[in-house]
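Undergrad: with the input below, show me the fold.
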Amino acid sequence: MDKNLLEATRLLPCPVVLLSVGTKGKQDAMTATAMFVAEDVPLLTVSVAKSSTCHKLIEETGEFALNIASAVQVGLAKQLGASHGAKVDKFKKFSIGTEKATQIASPLIAGSSANFECKVITSSAAANYTVYLAQVVAYKAADAPQPLSWYQNKYFGFGKQVK
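TA: This next block holds a predicted model:
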């Protein structure tokens, strides 16, 4: 594939999401991005590499949490994006604070702008990834932390409203 085409997706601004998933015996987290598909029934979609520990756990549990990273979590977003859960317990290594979810077993990441508890509705293979369509079954939003976004391989906080 043309190297220039590989840069195309970096032109799409997107939210930085810390995906967390867990069972009683294992938990993992990774940096991702997500988008909403529908509002009437709150549906979100996220893609996860088939080689990741998060993928294995989502396949086992059928659920995950999408934690919208706050501007103060940029360091955590970078750390989660550069490590693999099969080799390290990311929650311990990066001292990730958690909160208990109300509708799923997966942990929520404390300090996030918002936390969405999701149950997988369906999935589809896409090259080395699985695209999950999930329904939000519970959520909470923080008042203070500014959400983090990603554009052209850089992190940004939200500024003032334009219009």
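Undergrad: which SSE is immediately downstream of the helix or strand of the chain with the lowest mean pLDDT?
TA: Using mean pLDDT, DSSP states H and E, helix 3-6 stands out as the lowest-scoring helix or strand of the chain, at a mean of 74. Per DSSP states H and E, helix 3-6 leads on to strand 14-15 as the next helix or strand towards the C-terminus.
Undergrad: neighbouring strands - and their directions - for whichever helix or strand comes after that following strand?
TA: Later in the chain than strand 14-15, the nearest helix or strand by DSSP H and E is strand 17-22. Strand 17-22 pairs in its sheet with strand 27-32 (antiparallel), strand 63-68 (antiparallel), by DSSP bridges.
Undergrad: just the C-alpha atoms of the first one, please, in CSV.
TA: Just to be clear, that refers to strand 27-32. Output of strand 27-32 as CSV, limited to C-alpha atoms (Å, rounded to 0.1, in the frame of the first residue of the first chain):
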residue,chain,number,x,y,z
GLN,A,27,-8.1,-7.4,32.9
ASP,A,28,-6.5,-5.2,30.2
ALA,A,29,-6.7,-1.7,28.7
MET,A,30,-5.7,-0.1,25.5
THR,A,31,-5.9,3.2,23.7
ALA,A,32,-8.4,3.3,20.9
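Undergrad: what does the average pLDDT come to for that strand?
TA: Strand 27-32 shows a mean pLDDT of 96.
Undergrad: in that strand, which residues are buried?
TA: 27-32 (16 or more other CB atoms under 10 Å). C-beta: built from backbone N, CA, C; applies to glycine.
Undergrad: how about the residue nearest the centre of the chain: what's its closest non-neighbour residue?
TA: In the chain, the centroid-proximal residue (CA atoms, centre = their mean) is residue 19; its distance is 2.9 Å. Distance criterion CB to CB, 6 or more residues apart in numbering; nearest residue to residue 19, sequence neighbours excluded, is residue 32 at 4.7 Å.
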